[in-house]
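Asker: could you work out the structure for the sequence below:
(one chain, ligands or ions: 1)
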Amino acid sequence: MSVMQKTARFMPDQKHDPLLDREGFLGKPFYRVDGEVKVRGQARFTAEFNFPDLAYAVLVHSTIAKGKVSRIDTDRAKREPGVLEVLTYKNMPRLKAPPLVDVRDLKKGMAASDLPILQDASVNWDGQPVAVVIAEKLEQAEHAASLVEVEYVAEEPASSFDAMKPDAETPADVLGEPAVIQIGDAEKAIQEADARIDHVYRTPRYNHNAIEPHATIAVWNEDGTLAVLESSQSVNIAGRTLARIFELDPEDLQVLAPFVGGGFGGKGSLWSHTPLCAAAAKVVKRPVKLALSREGVFRVVGGRTIAEQRVALGARRDGMLSALIHTGLTATTAHGRFAEQCTFPARHLYGAPNLYIEQKIVNLDTVANTWMRAPGESIGTFALESAIDELAYELRIDPIELRRINEPEQDPTKNTKFSSRQLNEAYRRGAEKFGWSARNPEPRSQRNGKWWIGQGVATAYYPFLRFPVKVRLCLYADGRAVVQTPAAEMGMGTATVQIQHAADRLGLPLDRVAFHYGDSKLLDTLVMAGGSNQTASIFAAVQAAVEEAHKALLKLAQKTPGSPLAGAKLDQIQARDGGLCRTGDQGRGESYVDILRHAKQDSVQVEAESKPPMEMMKYSMASYGAQFCEIRVHEETGEVRVSRWLCSLDCGRVVNPRTATSQLRGGIVMGIGMALTEQTLFDERWGRIMNPSLAEYHVPVNLDVPNIEVMFLNIADEQAPSGARGIGEIGITGSAAAIANAVYHATGKRIRELPITLDKLL
Ligand code: MOS
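Answerer: Numbers count the residues shown, from 1 in each chain. Now for the predicted structure:
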């Protein structure tokens with residue numbers, strides 16, 4: 001047999017994609033292909049794997065935020081039964097400092113912090129690992145870890161956000177965009193406006209609490225190569241990062257993530273426990289498992305930064321905005337340098353002639369902050385969409401109408417056309433379904449018994465993102481097809497939608513198509529489940545790969561005497577019923593099985609890479625939505641309950657309404673947590689997180705979540721691969737503002753600081 005290898009590039013705006021007009025598997029609510037193994041408990045997550053001779057590693061965390069380890073005594077720990085080794089900075093293998101995230105060059109690798117990992121006595125945050133205990137059993141390692149004696153020379157940490165404000169700096173850029181944008185004179189325009197709003201909105205720290213805490217298993221092979229099971233959103237980016245730290249050829253490293261139990265950005269970049277686990281395995285010459293406890297995740301994995309944002313708006317009496325100011329101050333660290341992009345929504349949502357946007361940062365001595373579902377857009381829309389609601393009340397204009405009036409013709413800061421933006425239509429249909437017009441707009445005007453009732457609305461926004469990625473497509477003579485790329489399946493339905501898409505493009509039944517992912521060895525390409533990009537990125541590559549496979553099959557068919565495809569060109573054929581036929585003539589064709597059999601080949605294999613995302617330069621591309629909610633506030637206790645939710649979305653074509661609805665619901669639930677219950681309690685005297693557990697960090701539970709209705713406009717975006725834009729993150733955006741706006745409507749109290757806890761309403 002022969003195997004063909006080809007690389008092709010997909011040009012998204014080159015020609016009209018016929019799949020956009022066709023009914024197929026895309027758009028249907030299939031169940032997740034991995035649903036059954038998950039509900040049966042057969043899907044194994046990293047920490048559930050076992051190896052012969054597996055040892056367990058447990059971290060010892062620093063209890064000061066800044067300073068040095070002055071004495072560390074591991075003798076007692078080492079004498080405990082089962083203990084194999086205790087690593088401190090004194091006996092750690094020498095490792096290279098990790099490469100920091102650089103979204104413009106993912107090839108370098110992607111760590112959340114560029115601090116050397118346990119290479120010296122310095123302490124840079126409270127919770128930083130100062131020792132790793134490795135033992136035969138987990139319990140032995142945990143007990144021995146409690147016996148490691150550490151003394152410190154502590155320094156005063158920079159841990160107060162407020163105290164650091166005078167030292168705020170403007171970062172060089174914010175995720176590759178300018179930190180400051182100025183159009184006209186916004187301050188002056190606001191002073192001269194008929195109506196103005198000018199407020200500061202505060203959001204606390206939030207921490208990652210995916211259902212699966214981070215875990216790693218590291219195995220060094222005899223030939224010096226390293227295999228790592230890792231709960232990761234990008235196996236090959238994790239692999240590249242580890243390769244840099246351990247000075248290995250990326251070829252000599254394999255990272256596997258068969259299933260990931262949620263990530264939300266917290267498993268996007270590499271954190272210190274992963275190289276510590278690999279170093280431990282190297283030292284004890286055995287496979288080592290390091291599974292973080294829930295508290296461990298709080299100590300060594302960062303979350304969403306604390307933030308303070310000012311939004312000022314000026315408008316004419318008729319509602320037209322004359323000016324918009326959105327400035328944001330966020331915290332980061334000297335070793336992570338991630339300025340959360342809270343001003344991004346304000347750059348694209350409203351057509352104000354005068355605009356001022358600015359982001360600043362302060363550096364604190366904490367664990368590195370990181371991506372957390374819609375980093376920036378989540379808290380940014382809280383501030384911006386609260387302010388829009390405040391202006392609507394000031395002007396006595398319906399908040400949906402105010403947004404309609406200020407809908408821009410083209411992107412206000414990018415000055416490009418929108419690829420497809422149906423935000424007004426999303427509001428119109430959502431309002432109708434929700435019954436928006438039935439509410440009395442007067443604050444504190446609706447009640448039921450002891451409950452004040454309110455309805456709120458806010459815009460959801462998340463940009464479109466696509467990376468060039470490679471896929472391999474294999475068509476076998478038994479009629480099966482396999483798509484391979486090292487994607488991450490965190491429960492979103494990645495495998496399911498990729499099978500739907502490939503089956504449609506190939507004209508195969510769903511059960512003939514498989515999707516292989518979660519293994520960096522599949523293909524050397526940088527795929528990441530983050531920034532809501534993964535589905536679109538892989539779609540573009542699959543489209544290119546299918547075209548390549550069809551070319552290869554046509555070539556084979558030409559060699560078969562009397563083939564109905566003889567003489568046909570690529571643009572004269574289409575996929576149908578498990579093979580190819582002449583366009584418009586179903587009868588004149590051959591199945592893939594027959595083409596391969598006649599050619600005496602058992603497979604055709606192609607690789608294809610999608611081209612760089614030029615559409616993102618040429619157009620303003622994003623998903624949009626309208627969040628509607630109804631809440632009630634108890635007049636005596638101030639308790640807020642969410643009673644009803646409707647999200648009306650324009651996210652391009654919906655690939656699978658079941659998995660898409662679930663993504664949106666998840667995002668909204670996270671938004672409810674952000675608005676009402678979640679917050680990381682941080683003791684600024686010591687720089688220490690005080691509630692590192694689910695008992696004290698309150699994520700919403702079932703009783704906190706109402707029925708969430710999700711509706712999609714389902715209008716294909718011609719610039720997006722197969723018409724679909726991202727859906728993973730947009731659900732959390734706008735949701736906290738919708739709740740805050742509803743709370744104002746219910747009670748007449750405007751809460752500008754999250755979370756909206758009872759005390760703020762009494
Ligand atoms: Mo998302 S915060 O890019 O995983």
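Asker: so Glu155 makes contact with Gly67?
Answerer: Yes. In this structure Glu155 lies within contact range of Gly67 using C-beta atoms under 8 Å: 4.6 Å. C-beta: built from backbone N, CA, C; applies to glycine.
Asker: more neighbours: which of the two?
Answerer: The residue with more neighbours, out of Glu155 and Gly67 and counting by other C-beta atoms under 10 Å, is Gly67; that gives 18 against 14.
Asker: how about the nearest residue to the more buried one, chain neighbours excluded?
Answerer: With C-beta to C-beta, 6 or more residues apart in numbering as the measure, Ala154 is the residue that lies nearest to Gly67, at 4.1 Å, once sequence neighbours are left out.
Asker: what pLDDT does that neighbour get?
Answerer: Here, the pLDDT recorded for Ala154 equals 98.
Asker: tell me how many other residues surround it.
Answerer: The criterion is other C-beta under 10 Å. On that basis, Ala154 has 16 neighbouring residues.
Asker: OK, contacts around it?
Answerer: Contacts for Ala154 were tallied using C-beta atoms under 8 Å, 6 or more residues apart in numbering; they are 64, 66-67.
Asker: likewise Gln455?
Answerer: Taking C-beta under 8 Å, 6+ apart, we find Gln455 in contact with 434, 436, 439, 628-631, 742, 745.
Asker: mind redoing it with 10 Å?
Answerer: The contact partners of Gln455, by C-beta atoms under 10 Å, 6 or more residues apart in numbering, come to 434-436, 438-441, 446, 628-631, 643-644, 738, 741-742, 745-746.
Asker: need the buried ones from these selected in ChimeraX.
Answerer: Per 16 or more other C-beta atoms under 10 Å, the buried members of these correspond to this ChimeraX selection:
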select :434,436,439,446,628,629,630,631,643,644,738,741,742,745,746
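Asker: from the contacts of Gln455, which land in strands?
Answerer: 628-631, 643-644 (DSSP state E).
Asker: up against the ligand, what does the stretch 351-500 of the chain have?
Answerer: Contact residues (C-beta under 6 Å from any ligand atom) of the stretch 351-500 of the chain with the ligand: 371-373, 375.
Asker: let's see 5 Å
Answerer: The stretch 351-500 of the chain comes close to the ligand at residues 371, 373, as judged by C-beta under 5 Å from any ligand atom.
Asker: how about the helices in the stretch 351-500 of the chain?
Answerer: 377-395, 399-405, 423-434, 494-506 (DSSP state H, counting those that start in this stretch).
Asker: mind listing the shared neighbours of Glu155 and Gly67?
Answerer: Common contacts of Glu155 and Gly67, defined by C-beta under 10 Å, 6+ apart, comprise 122-123, 365.
Asker: which residue, other than its chain neighbours, is closest to Lys96?
Answerer: Per C-beta to C-beta, 6+ apart, closest to Lys96 is Ile245, 5.4 Å.
Asker: could you do Ala210 as well?
Answerer: With C-beta to C-beta, 6+ apart as the criterion, Ala210 has its nearest non-adjacent residue at 3.4 Å, and that residue is Gly262.
Asker: show the pLDDT at that neighbour.
Answerer: Per-residue confidence at Gly262 stands at 97 (pLDDT).
Asker: just confirm Arg665 is within a helix.
Answerer: Yes. Counting by DSSP: H, G, I helix; E, B strand; the rest coil, Arg665 is part of a helix.
Asker: tell me how many other residues crowd it.
Answerer: By other C-beta under 10 Å, neighbour count at Arg665 equals 18.
Asker: just to check, it is in contact with Glu709?
Answerer: Yes. Contact status for Arg665 versus Glu709: in contact at 9.4 Å, counting by C-beta atoms under 10 Å.
Asker: list the residues that contact both of these two?
Answerer: Common neighbours of Arg665 and Glu709 (criterion: C-beta under 10 Å, 6+ apart): 645, 647.
Asker: mind listing the strands for the stretch 251-400 of the chain?
Answerer: For the stretch 251-400 of the chain, the strands identified by DSSP state E, counting those that start in this stretch occupy 253-256, 288-291, 307-315, 321-332, 354-363, in order along the chain.
Asker: could I get those as CSV with mean neighbour count and mean pLDDT?
Answerer: Conversion of those to CSV gives the following (neighbours: other C-beta atoms under 10 Å; pLDDT from 0 to 100):
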stretch, mean neighbour count, mean pLDDT
strand 253-256, 23, 98
strand 288-291, 26, 98
strand 307-315, 24, 98
strand 321-332, 25, 98
strand 354-363, 22, 98
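Asker: in JSON lines, list these along with distance to Asp759.
Answerer: Listed next are the strands of the stretch 251-400 of the chain as JSON lines, based on distance: least, C-beta to C-beta, whole Å:
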{"stretch": "strand 253-256", "distance to Asp759": "45"}
{"stretch": "strand 288-291", "distance to Asp759": "37"}
{"stretch": "strand 307-315", "distance to Asp759": "20"}
{"stretch": "strand 321-332", "distance to Asp759": "24"}
{"stretch": "strand 354-363", "distance to Asp759": "27"}
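Asker: mind telling me which residue of the stretch 501-650 of the chain is nearest the ligand?
Answerer: For the stretch 501-650 of the chain and the ligand, the shortest gap (C-beta to the nearest ligand atom) falls at Gly530, measuring 3.3 Å.
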